[in-house]
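Visitor: dropping a prediction and its sequence here:
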Amino acid sequence: SLFFLVGVQMWKFVALGVAGLVSVPIGWRFLHEYQKERVFTFLDPERDPLGKGYHILQSKITLGSGGIFGKGFLQGTQSRLNFLPEKQTDFIFTVLAEEFGLIGSVSLLVLYLVLIFYGCVIAFRSTSFFGRLLALGLSANLFLYVFINIAMVMGLLPVVGVPLPMISYGGTVMLTLMFSFGLIECVNVNRDVQIGRRGAYDD
């Protein structure tokens, strides 16, 4: 989104994507066997259900066991009986899905979308080009955190250790997010300030 906002042409993205696809077979030849095994496990976790595929299989089981309305707060069997590893960090979304079901999961996603939309509105209301880029970039960063984490626990992406914003255990990520929200709100407060070469409030 930032590249489009600063005027990067579309054909450059297409060229970069084509170059990436062409380089995949070449890069595959240089991978070690254990790296190739990780790729195979991601594509088919059931090939090693008690080893490398254990995390994602248990994550999918936990996601589906909550049903529509969930099992209730602190009543999730998969998470409470420790079938799910790293439930307090990377896989916290599956715990919420098991306890609060589809309704709770969708409600959480709606809250995230409201936050991201709010950040984008602030970005496009700002008269400062720098403030617009800052707010939009931080909002896109929040979206990537949410998207990668949820896609990871659903098995759509490899497990890469990305936490769920404001939910996963971890002080460093929380401080980073609070700092980001503070910057977005700062852009909102100063949305009418024009910053030129001689500084702010120049005529």
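Guide: Thanks, I have the structure now. Numbers count the residues shown, from 1 in each chain.

Visitor: from the chain's centre, how far out does the host helix or strand of Gly64 sit?
Guide: Using DSSP states H and E, Gly64 maps to helix 54-65. In terms of C-alpha atoms, centre = their mean, to the nearest Å, the centre of helix 54-65 is found 19 Å from the chain centre.

Visitor: spell out the secondary structure type for Ile150.
Guide: Secondary structure state of Ile150, per DSSP: H, G, I helix; E, B strand; the rest coil, is helix.

Visitor: what residues of whichever helix or strand comes after the helix holding Gly64 count as buried?
Guide: Per DSSP H and E, the first helix or strand lying C-terminal to helix 54-65 is helix 77-80. Buried residues in helix 77-80, counted by 16 or more other C-beta atoms under 10 Å: Gln78, Ser79. Bear in mind the C-beta positions are built from the backbone N, C-alpha and C, glycine included.

Visitor: now stretch 154-168
Guide: Applying 16+ other C-beta under 10 Å to stretch 154-168 flags Gly155, Leu157, Val159, Val162, Pro163, Leu164, Pro165, Met166, Ile167, Ser168 as buried.

Visitor: buried residues, the helix holding Gly64. List them.
Guide: For helix 54-65, using 16+ other C-beta under 10 Å, the buried residues are Tyr54, His55, Ile56, Leu57, Gln58, Ser59, Thr62, Leu63, Ser65.

Visitor: try stretch 33-44
Guide: Those would be Thr41, Phe42, for stretch 33-44 by 16+ other C-beta under 10 Å.

Visitor: contacts made by it with the rest, please.
Guide: For stretch 33-44, contacts defined as C-beta atoms under 8 Å, 6 or more residues apart in numbering pick out Trp28, Leu31, Arg47, Asp48, Lys52, Gly53, Ile56, Gly155, Pro158.

Visitor: contacts only, for the second one.
Guide: The neighbourhood of Leu31, defined by C-beta under 8 Å, 6+ apart, consists of Val39.

Visitor: I'd like the contacts of stretch 33-44 laid out as a markdown table, including secondary structure.
Guide: Converted to a markdown table, these look like this (three-state DSSP):
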| residue | secondary structure |
| --- | --- |
| Trp28 | helix |
| Leu31 | coil |
| Arg47 | helix |
| Asp48 | coil |
| Lys52 | coil |
| Gly53 | coil |
| Ile56 | helix |
| Gly155 | coil |
| Pro158 | coil |
